[in-house]
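S.K.: need a 3D model of the following:
(one chain, ligands or ions: 6)
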Amino acid sequence: MELITLYYLCFICFIYVLRGKSDLPCLKRSCKLSKDKTTAKCSGLEYIPKIPSSVVKLILEKNSLFHISMDTFQNVSDNNLTSLAFIDNSIKVLTSDAFHNMKYLKYLEISHEKKLNISYLKMSFKSLNKQVMDTVNFINNGWTMLPMDLFSDFRNYTLEKIMFNDNTFLTFNGSLMSEFSEIHQLSIERNELVFLNASGLHSVIKLILSANNMFEIPNFCADEAGQSLVPKLSRLDMTDNAIRKLRPSSFKCLHNLKKLTLDKNRLMILENRIFPVLQT
Ligand SMILES: *[C@@H]1O[C@H](CO)[C@@H](O)[C@H](O)[C@H]1NC(C)=O
Ligand SMILES: *[C@@H]1O[C@H](CO)[C@@H](O)[C@H](O)[C@H]1NC(C)=O
Ligand SMILES: *[C@@H]1O[C@H](CO)[C@@H](O)[C@H](O)[C@H]1NC(C)=O
Ligand SMILES: *[C@@H]1O[C@H](CO)[C@@H](O)[C@H](O)[C@H]1NC(C)=O
Ligand SMILES: *[C@@H]1O[C@H](CO)[C@@H](O)[C@H](O)[C@H]1NC(C)=O
Ligand SMILES: *[C@@H]1O[C@H](CO)[C@@H](O)[C@H](O)[C@H]1NC(C)=O
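M.R.: Ligands and ions are numbered 1, 2, ... in the order given. Below is the predicted model:
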């Protein structure tokens with residue numbers, strides 16, 4: 001009886017291979033491929049499976065991957081992944097060699113990983129290829145604070161985007177970002193921010209702070225004389241906060257600002273002569 005079942009299963013697999021439907025037909029249930037076969041999304045596994053050689057973007061969602069090290073990626077070591085997303089896999093540990101073989105990785109996402117100790121995440125940054133890294137996306141990990149040395153391995157590197165959306169920060173200490181040579185966009189959306197210390201954000205070009213609880217424009221001045229903490233900042237988005245009042249001094253040190261978005265605030269008072277300051 002069992003032999004017949006086995007025979008039947010092998011036959012099915014064989015037919016699939018013959019018809020060339022997929023490189024790895026038997027993985028179909030746990031991994032889904034995009035039409036162009038460059039993206040795979042795998043779920044319900046306890047390991048990272050082999051995926052077709054055309055895949056360069058891997059999304060791991062709702063697997064049981066508690067401990068991630070360099071060895072965890074053995075099955076995908078020939079894929080030259082450029083994009084890797086972990087979403088809700090109950091990760092607890094990331095080792096410092098985890099990304100050692102990911103020489104081409106540009107995008108790293110860690111989302112809904114509430115069991116991950118950030119100290120391990122910080123250690124895993126050691127093995128990222130910072131030359132090619134472009135975007136880090138940390139969504140809804142239940143974070144309330146970040147270790148001050150989180151990005152110390154990124155000293156003098158540039159990132160296109162850093163995102164911390166849907167966490168629960170009350171304050172954000174910009175010093176965390178001071179090591180970067182340039183950050184095109186820093187997003188801290190849908191947190192509970194009431195205070196942002198802009199000291200350290202000197203390399204940020206776009207700052208997105210929408211859907212928080214900020215009741216004033218953060219202080220962007222380094223000193224009384226009007227030296228800016230954010231000389232590169234060209235776009236500031238504070239949509240959906242609790243800002244009530246704008247003062248001329250609110251914009252005093254935003255020398256390079258081109259676009260400001262303040263929709264969905266509680267603006268009642270606009271003091272005179274606010275915007276001439278902005279234009280100079
Ligand atoms: C590689 O995939 C196989 C199944 O194809 C699995 O049994 C094995 O555990 C995987 N290796 C690693 C290191 O996850
Ligand atoms: C991955 O990169 C290596 C070295 O750059 C190359 O030899 C190999 O063919 C690439 N693999 C794939 C699947 O593109
Ligand atoms: C996180 O890991 C660090 C270093 O291994 C350890 O000192 C710290 O206690 C851990 N934190 C939690 C909440 O487990
Ligand atoms: C980073 O850049 C600064 C200024 O350009 C330089 O003084 C410093 O040595 C660099 N640090 C590293 C670790 O490369
Ligand atoms: C922000 O970080 C800097 C540098 O680590 C530290 O000196 C400062 O006390 C921090 N500020 C707050 C409000 O945590
Ligand atoms: C902001 O952080 C800097 C250093 O990181 C610190 O010197 C300064 O006092 C902080 N400002 C406020 C208002 O907390």
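S.K.: against ligand 2, how distant is P49?
M.R.: 16 Å (C-beta to the nearest ligand atom, to the nearest Å). Glycine gets a C-beta too; all of them are placed from N, C-alpha and C.
S.K.: that residue and ligand 6, how far apart?
M.R.: Noted for P49: a distance of 45 Å to ligand 6, by C-beta to the nearest ligand atom.
S.K.: do the same with K41
M.R.: 40 Å.
S.K.: one more: S203?
M.R.: 15 Å.
S.K.: find the closest residue to ligand 1 in the chain.
M.R.: Going by C-beta to the nearest ligand atom, ligand 1 is nearest to Y47 of the chain, at 3.4 Å.
S.K.: which residues are in contact with that residue?
M.R.: L65, T72, N75 (C-beta atoms under 8 Å, 6 or more residues apart in numbering).
S.K.: looks to me like the last one is in a helix.
M.R.: Yes - counting by DSSP: H, G, I helix; E, B strand; the rest coil, N75 is found in a helix.
S.K.: within range of ligand 2, give me the residues from the stretch 1-150 of the chain.
M.R.: Contacts of the stretch 1-150 of the chain with ligand 2, taken as C-beta under 6 Å from any ligand atom, map to S53, D78, N79, N80.
S.K.: you'd agree the second one is up against I51?
M.R.: It stands for D78. No - using C-beta atoms under 8 Å, D78 is not in contact with I51; the gap is 9.9 Å.
S.K.: and the two? Which one has more around it.
M.R.: I51 (23 against 11; other C-beta atoms under 10 Å).
S.K.: how much space separates I91 from ligand 6?
M.R.: 30 Å.
S.K.: that residue touches I68, doesn't it?
M.R.: Yes - the criterion here is C-beta under 8 Å, and I91 meets it with I68 at 5.9 Å.
S.K.: what is the most widely separated pair among the residues of the stretch 1-150 of the chain next to ligand 2?
M.R.: S53 and N80 (9.1 Å; C-beta to C-beta).
S.K.: does the spatially most central residue of the chain have any beta-bridge partners, and if so which?
M.R.: Nearest to the geometric centre of the chain sits N137, at 0.7 Å (C-alpha atoms, centre = their mean). Beta-bridge pairing for N137 (DSSP bridges): E109, M163.
S.K.: what pLDDT does it get?
M.R.: pLDDT, N137: 98.
S.K.: contacting residues around it?
M.R.: With C-beta under 8 Å, 6+ apart, N137 has these contacts: A85, Y107, L108, E109, I110, S111, K161, M163.
S.K.: repeat that for F169.
M.R.: W143, T144, M145, L146, I188, N191, E192, L193.
S.K.: am I right that the second one is in contact with F172?
M.R.: No - applying C-beta under 8 Å as the test, T144 and F172 come out as separate, 10.9 Å apart.
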